[in-house]
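> sequence and predicted structure, then a few things I'm wondering about:
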Amino acid sequence: MSRKIRMGMVGGGEGAFIGAVHRMAANLDGQIELVCGAFSSDAEKSRRSGRALFLDENRCYDTFQNMMSGEAALPGDQRMDFVAIVTPNHLHFPVAKAALENGFHVMSDKPATFDLEEALALRDLVKKTGLLYGLTHTYTGYPMVKEARARVEAGELGEIRRVIVEYPQGWLASKDNENSKQASWRIDPKQAGISCCMGDIGVHAANLAEYICGLHISQMCADLNSAVEGRKLDDDGAVLLRFDNGARGTLVASQVCVGEENALKIRVYGEKAGLEWSQQEPNTLWLKFNDKATQMLRAGVGELSEAARDTMRTPAGHPEGYLEAFANIYRNFAGQIRARLENREASAAELDVPGINEAVRGMAFIENVVVSSESNQKWLDFVIS
């Protein structure tokens, strides 16, 4: 098949941060082209945003509903193949629902929906339509995260016993940033849902732990906090975790740690070895032992797993980071779509994209953390339905 995969976008208009990130990531490998969008609930802003991206003005829509019906009415060789959803949380489900019902695959920013009930309904809809659904849990796209997962799968750590994952930021440490576009909807329960910090970054930390370890969280004991006076949603929290193999874990997420940028870090300890990875030093993975020296693995150097090698674009010593990790998710998702268009099975690499199961587990994590924090009971089971 000799064409690019065609993408539409809902949200991400002028002044938005994450929409531009998605567009750059989708474009990085030359496999995807943006062909249409409903970039804002303000019709004129949507048209301006589309013009700035050099799109056909007839395909810069005033609402996502008109976008879905308008694209569905186009000939098959013109209409979009999938939609990228980059809106505040409360719009994720209605946009995804409209896309699936009109025959389009979906790539969504996380968390997948406004609440768990919507996530379960979305899972049913994905199953009913048979269409593809992807979720941008960005950090799973880093090569050395894939290397960490491969080392765990190969048994190099032995049985996993302890997981420590932390995600501190400082940008919401004072009220000064609350009126910014990035903050205003995240601290608003009507747009963000029942959680700010855990819904925004804690869910990334939980997903990263499950992805690397190949385990599922089974129980939790949470303590959430609104450190800044007057906030209705959490901006800080800690969670004790139990995993389905009996391993214990600790998850700390905070947006009030002054001076911290985006300091996501994970440490995993098994019966034979441990590992450590930091998002702010993403090309390095540390392996730790009791009976020999700690080993530093570097992206592009030495014998690494196929999964890691397949997601590297630059020679050793040329840092790859956030955009490339995003791009790996988009490239693999485009590969799934291409496989369908070519009537072939998707490869293992193409299938390595967070999907509807991760979407449901993410929303379950958020809701269970909030319930646990509000409960006087020490341990609560991790419940999905």
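That came in fine, so what should we check first? Residues are numbered from 1 along each chain as shown.
> which stretches of the stretch 101-250 of the chain form helices?
116-129, 143-153, 181-184, 189-192, 197, 203-213 (DSSP state H, counting those that start in this stretch).
> which ones are touching the residue nearest to the spatial centre of the chain?
Note on the chain: the residue nearest the mean C-alpha position is His137, at 1.8 Å, using Cα atoms, centre = their mean. Contacts of His137 were listed using Cβ atoms under 8 Å, 6 or more residues apart in numbering, and they are 110, 204, 207-208, 211, 329, 354, 358, 362. The C-beta positions use only the backbone N, C-alpha and C, and glycine is treated the same way.
> repeat for Thr87
Applying Cβ under 8 Å, 6+ apart, we find Thr87 in contact with 10-11, 95, 109.
> tabulate the contacts of His137 (JSON lines), appending pLDDT, neighbour count and distance to Ala238.
Output for those, formatted as JSON lines (pLDDT from 0 to 100; neighbours: other Cβ atoms under 10 Å; distance: Cβ to Cβ, whole Å):
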{"residue": "Lys110", "pLDDT": "96", "neighbour count": "22", "distance to Ala238": "21"}
{"residue": "His204", "pLDDT": "98", "neighbour count": "22", "distance to Ala238": "15"}
{"residue": "Asn207", "pLDDT": "98", "neighbour count": "24", "distance to Ala238": "17"}
{"residue": "Leu208", "pLDDT": "98", "neighbour count": "27", "distance to Ala238": "16"}
{"residue": "Tyr211", "pLDDT": "98", "neighbour count": "21", "distance to Ala238": "21"}
{"residue": "Ile329", "pLDDT": "98", "neighbour count": "24", "distance to Ala238": "28"}
{"residue": "Pro354", "pLDDT": "98", "neighbour count": "24", "distance to Ala238": "24"}
{"residue": "Glu358", "pLDDT": "98", "neighbour count": "21", "distance to Ala238": "23"}
{"residue": "Gly362", "pLDDT": "98", "neighbour count": "26", "distance to Ala238": "18"}
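> thought Ile356 was touching Asp124?
No. Using Cβ atoms under 8 Å, Ile356 makes no contact with Asp124, being 9.6 Å away.
> now the strands for the protein?
Using DSSP state E, the strands of the chain run over residues 5-11, 32-38, 82-86, 105-108, 133-135, 160-168, 217-225, 236-243, 248-254, 265-270, 274-278, 284-288, 295-298, 380-381.
> mind telling me which of the ones you listed the model trusts least?
Ranked on mean pLDDT, the bottom entry among those is strand 380-381, at a mean of 88.
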